[in-house]
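Q: sequence first, predicted coordinates after that:
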Amino acid sequence: MTSVEIKGVQKHYGGFHALKDIDLTIEEGEFVVMVGPSGCGKSTLLKTIAGLETVSSGHLLIKGREVTKLEPGDRGIAMVFQSYALYPHMTVKENMGFGLRMAGRPKQEIDAAVGRAAQILRLEEQLEKKPKQLSGGQRQRVAIGRAITRSPDVFLFDEPLSNLDAALRTQMRVELSTLHAQLGSTMIYVTHDQVEAMTMASRIVVLNRGQIEQVGAPLELYNNPVNLFVAGFLGAPRMNFVAGKVAAADARSAKVVCAGGLTVDFEALIEPVSAGDAVTIGVRPEKLRIDDTTTGLTFSADVRLMEYLGRETIVYAEAGELVTTGSDSGTGVFTVQVGDIRPFTLGTRVSVGFDQRDAYLFAADGRSVTLPKSSAKI
Ligand code: ATP
């Protein structure tokens, strides 16, 4: 059953077009994560669903009911914010029961709902405490508990983990995924953190400049990004991008030559490119290998930096004439993710290689023209 429908939603702030023709259907029980860089419009979109922002045009439906003009309290949603928004003078129990008290529900029902939520969120020991006596993670659990007690049709989360430290964020990610599995409710979650999106979502919505770039399951988007933006946004470390030129092409294939002479042949393109086109080749860091003779295509590079992360090593290697684009570490620098711990020496020349089948080709306008790569079915 459909839970949320967003139809042709536009949002203008004066002359600024913040949401551009957003269409999205969310099924009952999905965990949808909206992700994108700062200012892309993800919070605005969430607020329009919540009713905290009006839409300039378009329609919003929740469980088939038009809610576009309804007040937030009449939409059947509950929202959890980054800032917790707890009442400091109320106990945990009072905070969690607040929505039901305002709705005039009987005390017995409120106590039962608070007790149930406290059990799910392991807050039973904290019910008589005030928010200032709790840790950040516990406060956020109270805010989630307040949403649970209202039994909403849809949970909306606006960057709820941003105020927590890295260890607690990881723990809360697991807790939220478990909570979703337990409740089976529809959840819409906004974050700028692609790791949160990849780990929690049943579907990810990638937003950029007020527009949806791609919607799909995490691994589908990771393996088959439709364009340069999605390819660069999902994945840490980022995909490597190399500038190239189409030397020869027909309807299904292309030979791409990069500065320094690296040549990559692409077969079975889903759309043709033309000789002379400026294109971009993409290879994920984990698909590059160092000093491995089994790889098909190789180029030379000098080791500039290593990061030993315990179970893997990230090597930044500078490849003379090859032009990398959009890299965090400078023009010509490739990021290689080595799946084990190997000693590298700064300044050493290494051979970096990859299999052509792992490379993506992006046309001049940024669209991916490579055949979808198989996604592991999970
Ligand atoms: P962040 O991760 O930084 O919160 P975001 O993707 O959530 O970013 P939004 O808060 O949705 O971004 O804002 C989208 C765009 O709309 C931004 O460029 C922002 O400046 C603009 N905007 C948001 N609210 C208003 C407002 N009330 N008036 C004018 N412009 C606004």
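A: Here it is on my side, so go on.

Q: C-alpha from now on. contacts and neighbour counts both.
A: Fine.

Q: on the three-state scheme, the residue lying closest to Y87 once chain neighbours are set aside is what?
A: Nearest non-adjacent residue to Y87, counting by CA to CA, 6 or more residues apart in numbering: N95, 6.5 Å away. Secondary structure, DSSP: H, G, I helix; E, B strand; the rest coil: N95 is helix.

Q: run through the residues that contact N95.
A: By CA atoms under 8 Å, 6 or more residues apart in numbering, the contact list for N95 reads 86-87, 142, 146.

Q: so V55 sits against G8, correct?
A: No: V55 lies out of contact with G8 (CA atoms under 8 Å); the separation is 10.0 Å.

Q: which one of these two has more residues nearby?
A: Shown here are V55 and G8; by other CA atoms under 10 Å, V55 has more neighbours (21 against 15).

Q: for that one, give me the pLDDT.
A: pLDDT recorded at V55 is 96.

Q: what residues does this structure put near the ligand?
A: Within reach of the ligand by CA under 6 Å from any ligand atom, the chain has these residues: 13, 18, 38-44, 192.

Q: restricted to strands, list those.
A: Among the residues of the chain next to the ligand, the residues falling in strands (DSSP state E) are 13, 18.

Q: now do the contacts for V190.
A: 33-35, 42-43, 46, 157-159.

Q: count of residues packed around Q119?
A: Using other CA under 10 Å, Q119 has 13 neighbouring residues.

Q: equivalent analysis for A85, please.
A: 13.

Q: mind checking the SS state of it?
A: coil.

Q: on that earlier part again, any chance of the residues of the chain next to the ligand in TSV with distance to E109 and pLDDT as columns?
A: As requested, the residues of the chain next to the ligand are arranged in TSV below (distance: CA to CA, whole Å; pLDDT from 0 to 100):
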residue	distance to E109	pLDDT
Y13	42	95
A18	41	97
S38	41	91
G39	41	93
C40	41	95
G41	38	96
K42	35	95
S43	33	95
T44	34	96
H192	37	91
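
Q: just the buried subset of the residues of the chain next to the ligand, written out for PyMOL, thanks.
A: Buried subset of those, written as a PyMOL selection, criterion 16 or more other CA atoms under 10 Å:
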select buried, resi 18+40+41+42+43+44+192
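
Q: ok, so of the residues of the chain next to the ligand, who is nearest A364?
A: Closest to A364 out of these is C40 (22.8 Å), distances taken as CA to CA.

Q: right, and the closest one touches E213 too?
A: No: counting by CA under 8 Å, C40 does not reach E213; the two are 10.8 Å apart.

Q: who touches both of these two?
A: Common neighbours of C40 and E213 (criterion: CA under 8 Å, 6+ apart): L207.

Q: before we move on, back to that, are any of the contacts of N95 buried, and if so which?
A: Among the contacts of N95, those buried by neighbour count (16+ other CA under 10 Å) are 86, 142, 146.

Q: would TSV of these with pLDDT be doable?
A: Below are those laid out as TSV (pLDDT from 0 to 100):
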residue	pLDDT
L86	90
V142	93
R146	91
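
Q: could you list the low-pLDDT ranges of the chain?
A: 326-330, 374-378 (pLDDT under 70).

Q: kindly recompute the last result at 80.
A: 1, 84, 164, 293-295, 320-331, 371-378 (pLDDT under 80).

Q: quick check, nearest of the contacts of N95 to the ligand?
A: L86 (20.3 Å; CA to the nearest ligand atom).

Q: ok, K287 - contacts?
A: Residues in contact with K287 (CA under 8 Å, 6+ apart) are 336-337, 354-355, 358.

Q: just give the closest residue to A147, not the sequence neighbours.
A: Closest residue in space to A147, ignoring its immediate chain neighbours: A78 at 5.2 Å, by CA to CA, 6+ apart.

Q: strand partners (parallel or antiparallel) of the helix or strand harbouring the one you found?
A: Following DSSP states H and E, one finds A78 within strand 77-81. Strand 77-81 pairs in its sheet with strand 154-158 (parallel), by DSSP bridges.

Q: check what contacts the partner strand and list those residues.
A: The contact list for strand 154-158 (CA under 8 Å, 6+ apart) reads 3, 43, 46, 50, 76-82, 147, 185-191.
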